[in-house]
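Enquirer: Structure for the following, please:
(chains A and B)
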2 protein chains.
Amino acid sequence: MTRKEKQWCAVNILSHSRHDWMNKLQLIKGNLALRKYDRVSAIIDEIVIEAQNESNLCNLKMPDLAALFMTCNWESHRFSLEYEVVGDIINLEHYDNQMTSLCTAFFDLLDQSAEQNHDNHLSILVEPDIEKDEIRFIFDFNGIITNTERLSLWLDKQKERQDKVFTTYELTTYELNVMVTLHHVKGV
Amino acid sequence: MTRKEKQWCAVNILSHSRHDWMNKLQLIKGNLALRKYDRVSAIIDEIVIEAQNESNLCNLKMPDLAALFMTCNWESHRFSLEYEVVGDIINLEHYDNQMTSLCTAFFDLLDQSAEQNHDNHLSILVEPDIEKDEIRFIFDFNGIITNTERLSLWLDKQKERQDKVFTTYELTTYELNVMVTLHHVKGV
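Expert: Purely as a prediction, here's the structure:
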């Protein structure tokens, strides 16, 4: 269990989740009242895709990482998070601790390095790839980074890791792209 | 934290919750496809009431009891649970342990005493009442009880409690009504 997840009890999780769902329902209700039935269908389709993504994330068997991603927008961060899981579903339970620590540290750093009152956005693409026997985590930050130096120092350190986690990145004041690749993920 | 709640981690809670919400969405989608727009509105209204109930339950500040109720239908019980919270919202945090223990024991007993392959149903009405300075929990079981003796033994024991929890009940093979009243709940 991660440091952050410990703060979440069932009631809090369900309250936040209910709040999110009620917002979606409100959107459906509003469009229904305006008789925009096509829009209602489109909203429902979007919700289904989002739920499918959550479900894919959970199927990777990294419960701590999944919890970190799914509860991130309920915490006060300097960025909003969006994620997508595409490709094959692989059991990655052996990487849960490693990736959760890495992402928690990365989120903390973004909170320290991003402009506070700006609409910063982080999107994460998770791509398990059975054929190449690897999984790629592609982090795409858009916003304003006030402290690029601290971030690049940390990212350079990640490049030197000896534990199968390979990191490449591009960093400017307005954008940060990080790719973390784990090799040999099959049959761990 | 209750014995049962310990088994629930964020991912499990969110998976079950997502599953429930997707079922509701499916119902909306189906009726939308049939152009039954009034039915869609009615379904949404029902969902809003249900969410309001959950929210009222959480506002009583009994997180363990709320978690027990909200996750009950995700566990394998011999009954399905429905609950309603009406009346005033009182801070009942001092009764959380007591009521959670009582309800957990009661649910366990129902699991041991109810007919396994029958559609048993338990509805709980929670009525905080500031004027009378009490809160009433009205449990209404409908189904088949195969072991009424064990239940009545346990319920009789509850009647003799010395801790402000007052229990009355009526029990037949097909129905069980229990009222648990806590007095002097204000300003505890």
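Enquirer: where does chain A have low pLDDT?
Expert: A:1-7, A:187-188 (pLDDT under 70).
Enquirer: Walking through it, point out its helices one by one.
Expert: A:10-33, A:37-59, A:63-71, A:96-113, A:148-159 (DSSP state H).
Enquirer: In TSV: the ones you listed, plus distance to residue B:76.
Expert: From N, CA and C alone the C-beta is placed, and that goes for glycine too. Output for the helices of chain A, formatted as TSV (distance: least, CB to CB, whole Å):
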stretch	distance to residue B:76
helix A:10-33	18
helix A:37-59	20
helix A:63-71	21
helix A:96-113	27
helix A:148-159	44
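Enquirer: ok, the closest residue in space to residue A:114 that isn't next to it in sequence - contacts?
Expert: Spatially, and ignoring its direct neighbours in sequence, residue A:114 is nearest to residue A:78 (4.2 Å; CB to CB, 6 or more residues apart in numbering or on different chains). For residue A:78, the contact set (CB atoms under 8 Å, 6 or more residues apart in numbering or on different chains) comprises A:110-111, A:114-116, A:118, A:120.
Enquirer: still on that earlier bit, mind putting the helices of chain A in TSV, distance to chain B and mean neighbour count included?
Expert: As requested, the helices of chain A are exported to TSV (distance: least, CB to the nearest CB, whole Å; neighbours: other CB atoms under 10 Å in any protein chain shown):
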stretch	distance to chain B	mean neighbour count
helix A:10-33	4	17
helix A:37-59	5	16
helix A:63-71	4	23
helix A:96-113	11	18
helix A:148-159	26	14
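Enquirer: Ok, which of those helices comes nearest residue B:154?
Expert: Across the helices of chain A, residue B:154 has its closest neighbour in helix A:10-33 (26.3 Å, CB to CB).
Enquirer: which helices and strands sit right next to that closest one?
Expert: Judged by 3 or more CB pairs under 8 Å, 6 or more residues apart in numbering or on different chains; DSSP states H and E, the packing partners of helix A:10-33 are helix A:37-59, helix B:10-33, helix B:37-59, helix B:63-71.
Enquirer: Just want the angle from that helix to helix A:37-59.
Expert: Angle of helix A:10-33 versus helix A:37-59, following axes from the mean of the first three to the mean of the last three CA atoms, to 10 degrees, is 160 degrees.
Enquirer: what residues does helix A:10-33 touch?
Expert: Contacts with helix A:10-33, where a contact means CB under 8 Å, 6+ apart, come from A:37, A:39-40, A:43-44, A:47, A:71, A:74, B:5, B:8, B:10, B:13-14, B:17, B:21, B:28, B:37, B:40-41, B:44, B:47-48, B:51, B:54-55, B:58, B:63, B:66-67, B:70-71.
Enquirer: ok, back up a step: sort out which of the contacts of residue A:78 are buried, if you could.
Expert: A:110, A:114, A:120 (16 or more other CB atoms under 10 Å in any protein chain shown).
Enquirer: Disregarding flanking residues, what is the spatial nearest neighbour of the first one?
Expert: I take that to be residue A:110. residue A:79 (5.7 Å).
Enquirer: Identify the bridge partners of that neighbour.
Expert: Note on residue A:79: beta-bridge partners by DSSP bridges are residue A:120.
Enquirer: Spit out the contact partners of it.
Expert: Per CB under 8 Å, 6+ apart, neighbours of residue A:79: A:110-111, A:114, A:120-122, A:141, A:143.
Enquirer: do residue A:56 as well
Expert: Counting by CB under 8 Å, 6+ apart, residue A:56 has contacts A:85-86, A:89.
Enquirer: for residue A:106, same thing?
Expert: A:139, A:154, A:178.
Enquirer: which of the contacts of residue A:79 sit farthest apart?
Expert: Top of the distance list for those (CB to CB): A:111 and A:121, 13.7 Å.
Enquirer: Quick one: distance of stretch A:115-135 to the chain centre.
Expert: Centroid displacement of stretch A:115-135 relative to its chain, using CA atoms, centre = their mean, to the nearest Å, is 6 Å.
Enquirer: oh sorry, the question was meant for stretch A:29-36
Expert: 31 Å.
Enquirer: cool, stretch A:146-166 as well?
Expert: On CA atoms, centre = their mean, the centre of stretch A:146-166 falls 18 Å from the chain's centre.
Enquirer: Endpoint to endpoint, it covers what distance?
Expert: 25 Å (CA to CA, to the nearest Å).
Enquirer: can you list contacts of that stretch?
Expert: Contacts for stretch A:146-166 (CB under 8 Å, 6+ apart): A:98, A:102, A:105-106, A:109-110, A:112-115, A:145, A:167-169, A:171-173, A:176, A:178, A:180-184.
Enquirer: contacting residues around the residue of chain A most remote from its centre?
Expert: In chain A, the residue that sits farthest from the middle, by CA atoms, centre = their mean, is residue A:35; the gap is 34.6 Å. Residue A:35 is in contact with residue B:37, counting by CB under 8 Å, 6+ apart.
Enquirer: Pop the domain breakdown of chain A in here.
Expert: A:8-59, A:63-188 (automatic domain parsing).
Enquirer: Those domains: which one's closest to residue B:94?
Expert: domain A:8-59 (16.6 Å).
Enquirer: and the closest one, how far apart are its ends?
Expert: Note: domain A:8-59 ends 21 Å apart using CA to CA.
Enquirer: For the contacts of residue A:78, give me TSV that also has distance to residue A:135.
Expert: As requested, those are exported to TSV (distance: CB to CB, whole Å):
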residue	distance to residue A:135
A:110	21
A:111	25
A:114	26
A:115	31
A:116	33
A:118	31
A:120	25
